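*Asks:* No letters, just coordinates:
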């Protein structure tokens, strides 16, 4: 006799399953409260399945390590690129700052040229400092203008602030300038405040000049501005030269010890001006003297 196949096998009913689960839960709770076997069983199971857990997590961890390595490579490449870019930009910034300072100095020189040419018959030629000779006992510089540029020995060299020195040696393409701080160089000057005339001399030290043979009773003060007096026809009248910084008077001496600081300096800029005076030796007019008083302020 043929039987009809059963497509769905029927097991215990839902209530039976619920009762069985409830009984097992109560049994596990009681065992955990009284015998404490469940934590030990749990630890044993955890130890048993730990290798399998690690094996299951290995692909994900390997993927994280690979991603981190690739990310570190990209970060290293980016850091190398940014470091090179930073160095390149830093160099450009330094050059830009130097160019800005040089342009500002050139603009001041241009203003000085316009002022000198407007108020005197002197002409100004711009030159650049090439180098400083290695002689430690002389204060001289070499500029890039010489006899080929119609430069003559004895011409005055200044910057936008005041007198630097005088051309003492001439070559075809270059010239040697003796600075006012040189021990063997002197400049006739006068004090702007009271028009007292005297001569300053170099001391052989950087940024220092001295006034020799001035009586201890001479009316001179710290901070007085000294300008060229125009006597001798070499330096035009009214060019700023130095500022008094120290005065020592001793009753036992006939002369005061007076030192000053030049207002100009070849250690600050590379460009200078060469003054070309007319044969008669022009002097600055009175409006320029008023401008010198403004410089002093």
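*Replies:* It's in. Quick caveat: nothing in here was measured; it's all calculated off a predicted structure.

*Asks:* Just the buried positions in the helix or strand containing residue 164, please.
*Replies:* Secondary structure assigned from DSSP states H and E places residue 164 in strand 163-170. Counting neighbours by 16 or more other C-beta atoms under 10 Å, one finds that the buried residues in strand 163-170 are 163-168, 170. In short, each C-beta sits where N, CA and C put it, glycine included.

*Asks:* Ok, stretch 132-141 next?
*Replies:* Along stretch 132-141, these residues count as buried under the neighbour rule (16+ other C-beta under 10 Å): 138-141.

*Asks:* burial of residue 183, as a residue count?
*Replies:* Other residues near residue 183 come to 13 when the count uses other C-beta atoms under 10 Å.

*Asks:* Over to residue 203?
*Replies:* The criterion is other C-beta under 10 Å. On that basis, residue 203 has 16 neighbouring residues.

*Asks:* Let me see the mean pLDDT of whichever strand or helix holds residue 94.
*Replies:* Secondary structure from DSSP H and E places residue 94 in helix 38-119. Predicted confidence along helix 38-119 averages 76 (mean pLDDT).

*Asks:* Repeat that for stretch 260-276.
*Replies:* What stretch 260-276 shows for mean pLDDT is 82.

*Asks:* can you give me the end-to-end distance of it?
*Replies:* Stretch 260-276 has an end-to-end distance of 27 Å (C-alpha to C-alpha, to the nearest Å).

*Asks:* Then stretch 222-231?
*Replies:* The first and final residues of stretch 222-231 sit 24 Å from each other (C-alpha to C-alpha).

*Asks:* buried residues in it?
*Replies:* Along stretch 222-231, the positions that meet the burial threshold by neighbour count (16+ other C-beta under 10 Å) are 224-230.

*Asks:* Now render the buried residues of stretch 132-141 as CSV, adding secondary structure.
*Replies:* As requested, the buried residues of stretch 132-141 are exported to CSV (DSSP: H, G, I helix; E, B strand; the rest coil):
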residue, secondary structure
138, coil
139, coil
140, strand
141, strand
